[in-house]
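**Student:** Turn this into a model:
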Amino acid sequence: MRILVVEDSHKIAGSIKKGLEQESYAVDLAYDGQEGLNLASTEEYDVIILDIMLPKMDGVEVCKSLREQQIHTPILMLTAKGLTSDKVAGLDAGADDYLTKPFAFEELLARVRALARRPKETIHSVLSYEDLSLNTITHQVQRAKRLLSLSAKEYALLEYLLRHPNQTLSKDQIIAHVWDYDADILPNTVEVYIGYLRNKIDKPFPTKPPLIQTVRGFGYRVGTID
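**Tutor:** Predicted coordinates:
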């Protein structure tokens, strides 16, 4: 999944980015409200973490502008004050949740997971298809009850595919949700990582149907052949 963090403190923003990347998320950073609004308006994100006190444009105005543009990406608002009025202002502007600084990273992570699940109405932490499963909390991936070892990017790619079972996802969609804005993406990067997944998910199980499918001219999907 891809997350946008809009936070003017470089130290806090860097800490959040590092922690989220260790959990296999792709993370973009913006250090003022205008930059955050520009990125959120032009790029696709699964969750936005938005500080309320920002230079150029505060978080409430950013949130209002995004909702006016009919951009409904889940927003977690951060506030240092912890005042009820700030929380109310953020929620009234269209934020989905708020967190008061200072906070434990584990709580921020739990709220991000909850917001990422909400739009898709997913109530379980385990994503699965046939005999393939991925636990979004423990990061364990199994097929036929055998544990599979995936790199962070392979895991992120598989998670995105499993959140859209039987849906064909284009290379552009995959790049937008699995890689961050500054990543150096070559034309065949997605193909290469799809190949890595096949080597771990399909090839070791020759008696079972392959689950990573190529839809020629369109993209890729998790699903069995019709």
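**Student:** can you give me the strands for the chain?
**Tutor:** Here the chain has its strands, by DSSP state E, at 2-6, 26-30, 47-51, 75-79, 97-100, 126-129, 132-135, 141-143, 146-148, 212-215, 219-222.
**Student:** and Ser15, which of those is closest to it?
**Tutor:** Among those, strand 2-6 comes nearest to Ser15, with 9.9 Å by Cβ to Cβ. (Glycine included, C-beta is placed from N, CA and C.)
**Student:** Adjacent strands (with direction) for that closest one?
**Tutor:** As defined by DSSP bridges, the strand partners of strand 2-6 come to strand 26-30 (parallel), strand 47-51 (parallel).
**Student:** any residues touching the first one, and which ones?
**Tutor:** Spelled out, that is strand 26-30. Residues outside strand 26-30 that contact it (Cβ atoms under 8 Å, 6 or more residues apart in numbering): 1-7, 13-14, 16-17, 20-21, 36, 38-39, 43, 45, 156, 177-183.
**Student:** Quick check: PyMOL command selecting the buried ones in those.
**Tutor:** Buried subset of these, written as a PyMOL selection, criterion 16 or more other Cβ atoms under 10 Å:
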select buried, resi 1+2+3+4+5+6+7+13+16+17+20+36+39+45+156+177+178+179+180+181
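**Student:** so of the contacts of strand 26-30, which ones are in helices?
**Tutor:** 13-14, 16-17, 20-21, 36, 38-39, 156, 177-178 (DSSP state H).
**Student:** Redo these as TSV? Include pLDDT and distance to Asp86.
**Tutor:** Output for the ones in helices among the contacts of strand 26-30, formatted as TSV (pLDDT from 0 to 100; distance: Cβ to Cβ, whole Å):
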residue	pLDDT	distance to Asp86
Ala13	96	19
Gly14	96	24
Ile16	96	19
Lys17	96	24
Leu20	95	24
Glu21	94	28
Gly36	96	17
Asn38	96	24
Leu39	96	23
Ala156	93	33
His177	88	30
Val178	91	33
